[in-house]
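A.B. asks: Structure for this input, please:
(2 chains)
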Number of protein chains: 2
Amino acid sequence: MTTPFSQTRIDQLLHDMEIDDLNHASIRQIGAIARTMEQETGQEYIHFEMGIPGLPPSAIGVEAEIDALRRGVASKYPDIEGIADLKTEASRFVKAFINTDIAPKGCIPTTGSMQGVFAAFMLCTQLDPSRDTILYLDPGFPVQKMQAAVIGARTASFDVADHRGADALRAKLEQMLSSGRICCLIYSNPNNPSWMCLTDDELRVIGELATKYDVVVIEDLAYMTMDFRRPLGRPYQPPFQPTVSRYTDNYILMLSGSKMFSYAGQRIAVACISDTLFHRSYPTLAARYGISRFGAAYAYDMLYTLSSGVSHSAQCALAAMMRAATDGRYAFVDDVREYARRTARIKDIMLAHGFNITYDRDLDEPVSDGLFFTIGYHDMEGGTLLRQLLYHGITGIVLSTTGSTRQGIRACCSTMQEHHYPLLDQRCRLFAQNNPV
Amino acid sequence: MTTPFSQTRIDQLLHDMEIDDLNHASIRQIGAIARTMEQETGQEYIHFEMGIPGLPPSAIGVEAEIDALRRGVASKYPDIEGIADLKTEASRFVKAFINTDIAPKGCIPTTGSMQGVFAAFMLCTQLDPSRDTILYLDPGFPVQKMQAAVIGARTASFDVADHRGADALRAKLEQMLSSGRICCLIYSNPNNPSWMCLTDDELRVIGELATKYDVVVIEDLAYMTMDFRRPLGRPYQPPFQPTVSRYTDNYILMLSGSKMFSYAGQRIAVACISDTLFHRSYPTLAARYGISRFGAAYAYDMLYTLSSGVSHSAQCALAAMMRAATDGRYAFVDDVREYARRTARIKDIMLAHGFNITYDRDLDEPVSDGLFFTIGYHDMEGGTLLRQLLYHGITGIVLSTTGSTRQGIRACCSTMQEHHYPLLDQRCRLFAQNNPV
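C.D. replies: Okay, here's the model as predicted:
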């Protein structure tokens, strides 16, 4: 079998990194292998592994950040609860695009949603000693599982694709939550990696059971409004981003600037805590920190000890981008729609060469094209598939690392440039020849 | 007793915040009380409570950060190990001002030293299940104790002022470390709050015992070169910043941009891990993360899950500031020497009215003037003293919150402006009249 990149060399690199099975390789490790091969051969990989913005950063954000630096904010510790302007704008943004009311007080900047989720996991696992488990509605973002390993929290999970629809989801969630050990649950919507979108019926089930079992829902909205089948993202106009916040008071919405505004480099996001949860008192917190309220402990114990607040200028940038979006001056959804166009083209090419979409259905309709998608090849096992793809100059991560029960890889379209499409076509054709069914 | 601010109102605010005893009040809470009183009365407080930069941010940093933003870094996730330029410059800076060799690989940016220390505590407490305790060489920064509470780590501490000199320190450290439960120890040098500076003899003891008992030393150099009694801070010229790194391989140096370069708002620092520790393998880490080496786990498990890296533009700023300092184009120590001038004037005023310096001696010489200092009033208990000071329009934090065994308050000179000195004089005079000995 002839492949564009040396099988022997790739196998050796994997061996050197102690990766026998690609089901145990991280995003960063796979990226490192591809970069090494690129340096050694001068040949380019098609990088599907990392979920990075493939667009320039929002100019509104950049200009606001530069203005803030010129004003001298670099020397001034920002308030731990966030600068007032960002808190106000986040509250307005949530109202405009999600149609949910959250007071500015509860909108707290974080060093990316990575920090927002870490802090939420840390706090939720400390609320009640008998509730020590984080529930993941998989497939999901692998690093959020690594966060539990770092914290030392127990985890539970199921592949939500096997339990779609309100009835099936209710049955599964009842089974999981009735253990009484779940303190919080997390999912992203649209879903990373599959781009499935939970419906209002399903979100209602999650919300009702979160209330019933007193579980905090962490709704990761990193890709909010990017269900491109619907006309989302028009301020104050329906349809709005579907959300669990309509159906329970036990929630934190994680809004990230990374993908919506292509602002990943500055590590800026906002954790939006429901008014009810924000003000709720926990005796466990009072005993441990001398602060009983959830929202205060989130800011003054978690975020304070994690990084003493968030880059001052980046907060100014996010405030400006949110304000422009809410005021209708910045149609960010039009910008990120580019991802759907790229993914559609990639899927066309790969399907023509015998690949399939691993998670292809969203209840009764095809999944939206978006930033991430999932690819399988007949019945090839996921780790084997990724190894073969690496030989053929294409990266990705194995779906098993996302908690998926299916065989395939997660791919991200963001690094695709025009010259990559014919290259992808050529490599997929060779892949199919080398791997006849 | 007549005081500039209403005793009744202050007592009420404290009561509303559930603070009966100022020995249990945090920096942020005291700041909040003072701000409330300022709003209600229109009268200004003298803010000694918070350790914030009182100087404009380094122009070199600001310009470099603006340039980076113009280049479009805002959309690009920085490498988890840090951008190459900052890693190289941090390694050079450490050599130039500390005369220690650390490879760029081991110089890893963090979202302020707050994150750097959090990640170090997290990782060190996971190296060996039988070593679960963090040792603090007090007095120290209260939030570093809060970090242990958040993580759920055990703590031990002693007031280093009670064990100064190599022999006394060795005896005390032997006693503490021989328990076998200490995984890491932390101190700041110069010391926050007292500005005591550990000598080379003392640092040698710490280093030797860290090696003997296999303990990681976290040396917080937030105020490095700010022992203004010595001509520190001239690149590649002795005397160099004293450091434990000459006496052990078990160390992480925490270098922060916040005070050295007045860059606190951007949350940028570098954790510099010794080459030996960086490459050391731990079976516990391999089992938990599939990564065995300390340095790799610090970056790819701790920092990755904590915030997915550090603001891209702030890394560019710190790289530029360090390069300019190392190249001799930016005499940052001359800028921060302003703190010593302010502290000297404050001390003169307060000593004239019967106050004393709580930690006044550094072995056989007076402590350096610097950013922080410690103030007592005859034999008045620390919590009582702070309450009296609040009545008289002066803030601070009680030394007990720093792990101190002495009665007094920690004060920071950074917010002092010219018109504050006569105000301080007037208020201290009234304080002395109201509190006759």
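A.B. asks: Pull out the buried positions in stretch A:78-96.
C.D. replies: If you call a residue buried by 16 or more other Cβ atoms under 10 Å in any protein chain shown, then stretch A:78-96 has these buried ones: A:78-83, A:85-96. Yep, even glycine has a C-beta here, placed from its N, CA and C like the rest.
A.B. asks: Check whether it comes near chain B.
C.D. replies: Yes. Stretch A:78-96 reaches chain B (Cβ under 8 Å from any Cβ of the partner chain) through A:78, A:80.
A.B. asks: Restrict that stretch to CA atoms and write it as PDB.
C.D. replies: Output of stretch A:78-96 as PDB, limited to C-alpha atoms (Å, rounded to 0.1, in the frame of the first residue of the first chain):
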ATOM      1  CA  PRO A  78     -10.400  43.800  36.700                       C
ATOM      2  CA  ASP A  79     -13.200  43.100  39.300                       C
ATOM      3  CA  ILE A  80     -13.400  39.400  40.000                       C
ATOM      4  CA  GLU A  81     -17.100  39.500  39.100                       C
ATOM      5  CA  GLY A  82     -16.200  41.100  35.800                       C
ATOM      6  CA  ILE A  83     -16.200  44.700  34.400                       C
ATOM      7  CA  ALA A  84     -19.600  46.300  34.600                       C
ATOM      8  CA  ASP A  85     -19.800  46.900  30.800                       C
ATOM      9  CA  LEU A  86     -19.300  43.300  30.000                       C
ATOM     10  CA  LYS A  87     -21.800  42.100  32.600                       C
ATOM     11  CA  THR A  88     -24.500  44.400  31.200                       C
ATOM     12  CA  GLU A  89     -23.800  43.500  27.600                       C
ATOM     13  CA  ALA A  90     -23.800  39.800  28.300                       C
ATOM     14  CA  SER A  91     -27.200  40.100  30.000                       C
ATOM     15  CA  ARG A  92     -28.500  42.000  27.000                       C
ATOM     16  CA  PHE A  93     -26.900  39.500  24.500                       C
ATOM     17  CA  VAL A  94     -28.600  36.600  26.300                       C
ATOM     18  CA  LYS A  95     -31.900  38.300  26.100                       C
ATOM     19  CA  ALA A  96     -31.500  39.300  22.400                       C
END
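A.B. asks: now what about that stretch, what contacts it?
C.D. replies: Stretch A:78-96 is contacted by residues A:100-109, A:235-236, A:253, A:255, A:270, A:272, A:299-300, A:303-304, A:308-312, A:315-316, A:318-320, A:322-323, A:325-326, B:28, B:265 when judged by Cβ atoms under 8 Å, 6 or more residues apart in numbering or on different chains.
A.B. asks: any idea how far that stretch is from the chain center?
C.D. replies: Remark: stretch A:78-96 is offset 21 Å from the chain centroid, using Cα atoms, centre = their mean, to the nearest Å.
A.B. asks: Now do it, average pLDDT.
C.D. replies: For stretch A:78-96, mean pLDDT is 96.
A.B. asks: Now do the same contact list for the closest residue to residue A:435 other than its chain neighbours.
C.D. replies: Nearest residue to residue A:435 in three dimensions, chain neighbours excluded: residue A:388, at 6.2 Å (Cβ to Cβ, 6 or more residues apart in numbering or on different chains). Counting by Cβ under 8 Å, 6+ apart, residue A:388 touches A:377, A:380, A:431, A:434, A:435.
A.B. asks: I'd like to know which of the residues you listed are buried.
C.D. replies: So, by 16+ other Cβ under 10 Å, the buried ones in the contacts of residue A:388 are A:377, A:380, A:431, A:435.
A.B. asks: quick revisit: which of the contacts of residue A:388 fall in strands?
C.D. replies: Of the contacts of residue A:388, the ones assigned to strands by DSSP state E are residue A:377.
A.B. asks: ok so, going back, would you confirm that the residue nearest to residue A:435 belongs to a helix?
C.D. replies: Yes. The assignment for residue A:388 is a helix, going by DSSP: H, G, I helix; E, B strand; the rest coil.
A.B. asks: from the contacts of stretch A:78-96, which ones fall inside strands?
C.D. replies: A:107, A:108, A:109, A:253, A:255, A:270, A:272.
A.B. asks: I'd like to know the beta-bridge partner residues of the residue nearest to the last one when sequence neighbours are not counted.
C.D. replies: Just to be clear, that refers to residue A:272. Closest residue to residue A:272 apart from its sequence neighbours, by Cβ to Cβ, 6+ apart: residue A:253 at 4.3 Å. On the basis of DSSP bridges, residue A:253 is bridged to residue A:219, residue A:272.
A.B. asks: gap between residue A:253 and residue B:364?
C.D. replies: Remark: distance between residue A:253 and residue B:364 (Cβ to Cβ, to the nearest Å) = 59 Å.
A.B. asks: Next: residue A:117.
C.D. replies: When residue A:117 is compared with residue B:364 (using Cβ to Cβ), they lie 52 Å apart.
A.B. asks: re earlier: please tabulate the ones in strands among the contacts of stretch A:78-96 in CSV and include neighbour count as additional columns.
C.D. replies: Shown next, in CSV, are these (neighbours: other Cβ atoms under 10 Å in any protein chain shown):
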residue, neighbour count
A:107, 26
A:108, 29
A:109, 31
A:253, 27
A:255, 25
A:270, 31
A:272, 28
